[in-house]
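**Q** sequence isn't available, so here's the structure alone:
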């Protein structure tokens, strides 16, 4: 776990220091892309809609179910009022 945490901390520091260039390099590394500038990473609405049509209904249903469960879980973590006591 410490090894993973160290890697994540290095990635975060890289992004803080090198900003867009780090995002481009990391995206190319992990997603196997060939982006040269940050605008190369922008996905158009038409690309999103076309991709959505390729996703099977069962997968969409599972994602919607997971989304609902995650939202309900985190709603239970919210305070009941705005007054906090330490």
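**A** Great, that's in hand. If you're wondering where the values come from, they're calculated on a predicted model, not measured in any experiment.
**Q** tell me which helix or strand comes right after the longest helix seen in the chain.
**A** Of all the segments of type helix in the chain, defined by DSSP state H, the longest one is helix 2-31. Next in sequence after helix 2-31, counting helices and strands by DSSP states H and E, comes helix 45-54.
**Q** quick check: mean pLDDT across that following helix?
**A** Mean pLDDT, computed over helix 45-54, is 96.
**Q** tilt between whichever helix or strand comes after that helix and helix 45-54?
**A** Next along the chain after helix 45-54, taking DSSP H and E as the criterion, comes helix 57-75. Interaxial angle of helix 57-75 relative to helix 45-54 (axes from the mean of the first three to the mean of the last three Cα atoms, to 10 degrees): 110 degrees.
**Q** what's the spacing between helix 57-75 and its chain's center?
**A** Distance, stretch centre to chain centre, for helix 57-75: 16 Å (Cα atoms, centre = their mean, to the nearest Å).
**Q** ok, back up a step: mean confidence for the longest helix of the chain?
**A** Mean pLDDT, helix 2-31: 96.
**Q** how about it: buried residues?
**A** Neighbour-count burial for helix 2-31, counted by 16 or more other Cβ atoms under 10 Å, picks out 22, 24, 27. To be clear about C-beta, it is placed using only N, CA and C from the backbone, and glycine gets the same treatment.
**Q** what sits against the last one?
**A** If a contact means Cβ atoms under 8 Å, 6 or more residues apart in numbering, then residue 27 has 33, 35, 41 as its contacts.
**Q** same list (those) but as a markdown table, adding neighbour count.
**A** Shown next, in a markdown table, are the contacts of residue 27 (neighbours: other Cβ atoms under 10 Å):
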| residue | neighbour count |
| --- | --- |
| 33 | 12 |
| 35 | 15 |
| 41 | 14 |
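**Q** could the residues you listed be laid out in TSV, adding distance to residue 82?
**A** Compiled in TSV, those are given as follows (distance: Cβ to Cβ, whole Å):
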residue	distance to residue 82
33	44
35	43
41	38
